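# Next comes the sequence, and after it the predicted model I'd like to discuss.
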There are 2 protein chains.
Amino acid sequence: MSSGRGRSTMKRVSLKDIACMAGVSTSTVSLVLNGKARKMRISDGLAKTVKAIAKKAGYQPNQVAVSLRTGKSKILGLVVESISGNFFGSLAKVIEEAAQEHDYRIVYCSTENDSNKGHDLIQMLSHRQVDGYLVTPTSGMEKDVKMLLDSKQPLVLIDSYFPSIPASHVTVDNAGGVKTGMQHLIDKGYKNIGFITVDLPLIQMIQRANGYHETLTANSIRFKAGFVLKLSYNGDRDESVNRIATFIKKNSKLDAIFVATNYLGIVALESLKVLGMKIPEDIAMICFDDHDIFRLYPPGLSVIQQPILEIGRTAVRLLVEQMENGDPIAAPVKIQLTPKFINRKST
Amino acid sequence: MSSGRGRSTMKRVSLKDIACMAGVSTSTVSLVLNGKARKMRISDGLAKTVKAIAKKAGYQPNQVAVSLRTGKSKILGLVVESISGNFFGSLAKVIEEAAQEHDYRIVYCSTENDSNKGHDLIQMLSHRQVDGYLVTPTSGMEKDVKMLLDSKQPLVLIDSYFPSIPASHVTVDNAGGVKTGMQHLIDKGYKNIGFITVDLPLIQMIQRANGYHETLTANSIRFKAGFVLKLSYNGDRDESVNRIATFIKKNSKLDAIFVATNYLGIVALESLKVLGMKIPEDIAMICFDDHDIFRLYPPGLSVIQQPILEIGRTAVRLLVEQMENGDPIAAPVKIQLTPKFINRKST
DNA sequence: CTACACAGCTAAAACGATTTTGCCTATCTT
DNA sequence: AAGATAGGCAAAATCGTTTTAGCTGTGTAG
């Protein structure tokens, strides 16, 4: 048994161990390692040796203990609709990166658009003492959001929000995005434009529908109720395909459709395939929210693209600011980003 | 101020508070709430009142404190290649659900195929005292995996593994999957089959390449080195598109390609689009790993589909078993699942 | 020569739970 | 009637940190 480094990971070295090795108290070690040596008048010499010993021993603080003592976990809770979705997956990635820059980790959860699950998740996160919440709220989560706000938890809503609840949020200009797309369609000469959306009482969906209506009236086109199709969120995929196909067949005058989410956009593509209709010859199409598939699927779908990177980074920034300011219950910050129209060949 | 329930969330009620209200000691409350009342001979009457008080007060244990005391966090670390990818996103979702059934939460991290980041992540997770690790290892993470193993951390590898390291893992039969696809191609009469893969020394990639070679020799087709294209993982997307296009143009005899990952499959689709080539008329194509796009993209791509649900559930099961058995350093469990050939129209 | 400041460090409380040990009082045994 | 047993709960140790209050000794001022 020479002085070799031996079997390393026996028991995780603790602050106490370091203190022991250095022949000082745990407080000294803690102060040194947290950069408070100067302020607490630990001599530079001692500080140096303590640091050296800690490093040699490979000391790493037990974050659980730190959390308990400080009340901060350096963890952010991210509640999304479904991590496997394209939009939320990408968003989660961006958020993870942005959070990391501020030295925060993410624990994510999916609600699958079930507000009960959302509620449980938020409870769970709070027991874990997360330092802040990023949530894409689904209908039914008003109470939970309000509860977080009431208990002064740092919170930023993403993608959606509740008009009646004064929480900070970052969203995109849904109505504006739709208008741009719709106007493009109209300028290209399409007159009978259908609108396919999801039957969820979420503000962003309402806004997208508003964008549709407003563009019609702005161009003096009469709104036809039959040109709007609302599909239930949890509907069976195949059923949705059929319903869209039926919708398009029934409204034979339709020369274009605007689809309000990328999930439905994919479904719509499938419907058109079933019907054997070509884009844009038989019907034009624009979708809100981009997807790999839309870039690729011939002839390439024009879309309203959400600035995912900016959304994620902004949300994290807002949250971090909230956590750092701390005390003043500042007015909620509401940021609306501008989506981008990507003109491909489907129109 | 009547006896109304007042402003709820003032300070989070603790065990001590409950003990106070009930006029008993904290130990009693803890014992009762953890179902150890009987064993520790707390009278049923007291137990009942304590439970009632705790419930009324909305008591929820502080998990951080519990973790510190018990050394268990009820959190699993999930390290994937990139959460925004289709395969890993879906996998993460399945794993989250499966973990939840066993009362575990997930904190996930992406390595982006950077082994340094992977190393940091694992360090990070261990400081957070996660109870177990699910990791899809990238090359360069051998040391970290070995370290976890040495320190007897519950660990299950997914999707890949290191032949030299005895860790439990769940994978799919990569070679077998490729063989099925290749044989299908050959049976359909394709003779000059190219193989496009990623330039990463991961075992699953090697196995897929082996499947390619073995099918060729089994059918007495001579292997041509020029028919294999290896693309660098971190290459620019457009560059990859070009390289595949060049590859296909250069090898004009190619009548089919087998693509080893779904990411590259999408890139290949783009290349073919650039070249103006039709599937399967101009060239046939099969891809390992399914994707929404492959089902949809005309005419529909035949693929080798990984059983994501089964992979995720199996991995979680294995990990939970490891954590429950605890003591015996059981031999690693190696599970190989069978991928499924989905025959669409691209062949 | 007392007093006071200050440098340099440590002891101890606290965070919120779990768990072992210990103490006291009835009841039972013989 | 004395000792043993069991029942019912409280006390205290513990997990690994952070942080405040305080202790000791030396130099300087009055």
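In hand now; what should we look at?
# From here on, just use CA atoms for contacts and neighbour counts.
Noted.
# Scan chain A for its longest helix.
Using DSSP state H, we find that the single longest helix of chain A is helix A:308-325.
# Show the average pLDDT along that helix.
Throughout helix A:308-325, pLDDT has a mean value of 95.
# Report the distance from that helix to the chain centre.
How far helix A:308-325 lies from its chain's middle: 11 Å, per CA atoms, centre = their mean, to the nearest Å.
# who in chain A is up against DNA strand C?
By CA under 7 Å from any atom of the strand, the residues of chain A that approach DNA strand C are A:23-28, A:40-44, A:46, A:65, A:68-70.
# Recalculate using a threshold of 6 Å.
Chain A has residues A:24-25, A:27-28, A:40-43, A:46, A:68-69 near DNA strand C, with proximity defined as CA under 6 Å from any atom of the strand.
# What about those residues, which one has the most neighbours?
Within the residues of chain A next to DNA strand C, neighbour counts (other CA atoms under 10 Å in any protein chain shown) peak at A:T28, which reaches 21 neighbours.
# which parts of whichever strand or helix holds it are buried?
Using DSSP states H and E, A:T28 sits within helix A:26-33. Buried residues in helix A:26-33, counted by 16 or more other CA atoms under 10 Å in any protein chain shown: A:26, A:28-33.
# cool, and stretch A:209-225?
For stretch A:209-225, by 16+ other CA under 10 Å, it's A:209-216, A:223.
# can I get the residues you listed in JSON lines with secondary structure?
Shown next, in JSON lines, are the buried residues of stretch A:209-225 (DSSP: H, G, I helix; E, B strand; the rest coil):
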{"residue": "A:A209", "secondary structure": "helix"}
{"residue": "A:N210", "secondary structure": "helix"}
{"residue": "A:G211", "secondary structure": "helix"}
{"residue": "A:Y212", "secondary structure": "helix"}
{"residue": "A:H213", "secondary structure": "helix"}
{"residue": "A:E214", "secondary structure": "helix"}
{"residue": "A:T215", "secondary structure": "helix"}
{"residue": "A:L216", "secondary structure": "helix"}
{"residue": "A:F223", "secondary structure": "coil"}
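# can you redo these as JSON lines with distance to B:S90 and pLDDT?
Listed next are these as JSON lines, based on distance: CA to CA, whole Å; pLDDT from 0 to 100:
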{"residue": "A:A209", "distance to B:S90": "30", "pLDDT": "98"}
{"residue": "A:N210", "distance to B:S90": "33", "pLDDT": "98"}
{"residue": "A:G211", "distance to B:S90": "32", "pLDDT": "98"}
{"residue": "A:Y212", "distance to B:S90": "33", "pLDDT": "98"}
{"residue": "A:H213", "distance to B:S90": "36", "pLDDT": "98"}
{"residue": "A:E214", "distance to B:S90": "37", "pLDDT": "98"}
{"residue": "A:T215", "distance to B:S90": "37", "pLDDT": "98"}
{"residue": "A:L216", "distance to B:S90": "39", "pLDDT": "98"}
{"residue": "A:F223", "distance to B:S90": "39", "pLDDT": "96"}
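# pretty sure A:S139 contacts A:P201?
Yes. With contact defined as CA atoms under 8 Å, A:S139 counts as touching A:P201 (6.5 Å).
# out of those two, which sits in the more crowded spot?
Applying other CA under 10 Å to A:S139 and A:P201 shows that A:S139 carries more neighbours, namely 16 against 11.
# before we move on, what SS does the residue nearest the centre of chain A have?
The centroid of chain A falls nearest to A:L91 when counting by CA atoms, centre = their mean (4.9 Å). At A:L91 the chain is in helix, as set by three-state DSSP.
# what's the distance between it and B:T338?
Counting by CA to CA, to the nearest Å, the gap from A:L91 to B:T338 is 32 Å.
# now swap in A:N34 and tell me
Counting by CA to CA - A:N34 and B:T338 are separated by 51 Å.
# Please say which of the two ends up with more neighbours.
Between A:N34 and B:T338, counted using other CA under 10 Å, the more crowded position is B:T338 (18 against 9).
# Next one: the more buried one, what pLDDT does it get?
With respect to pLDDT, B:T338 scores 98.
# Name the nearest residue to A:N210, sequence neighbours excluded.
Nearest non-adjacent residue to A:N210, counting by CA to CA, 6 or more residues apart in numbering or on different chains: A:A175, 6.1 Å away.
# could you dump stretch A:26-38 to CSV, C-alpha only?
The C-alpha atoms that make up stretch A:26-38 are tabulated as CSV, following Å, rounded to 0.1, in the frame of the first residue of the first chain:
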residue,chain,number,x,y,z
THR,A,26,-16.0,22.9,8.9
SER,A,27,-17.0,26.5,9.0
THR,A,28,-13.6,27.5,7.8
VAL,A,29,-13.7,25.1,5.0
SER,A,30,-17.2,26.2,4.0
LEU,A,31,-16.2,29.8,4.1
VAL,A,32,-13.1,29.3,2.1
LEU,A,33,-14.8,27.2,-0.6
ASN,A,34,-17.6,29.7,-1.0
GLY,A,35,-15.2,32.6,-1.5
LYS,A,36,-16.1,34.2,1.8
ALA,A,37,-12.7,33.7,3.3
ARG,A,38,-11.7,37.3,2.8
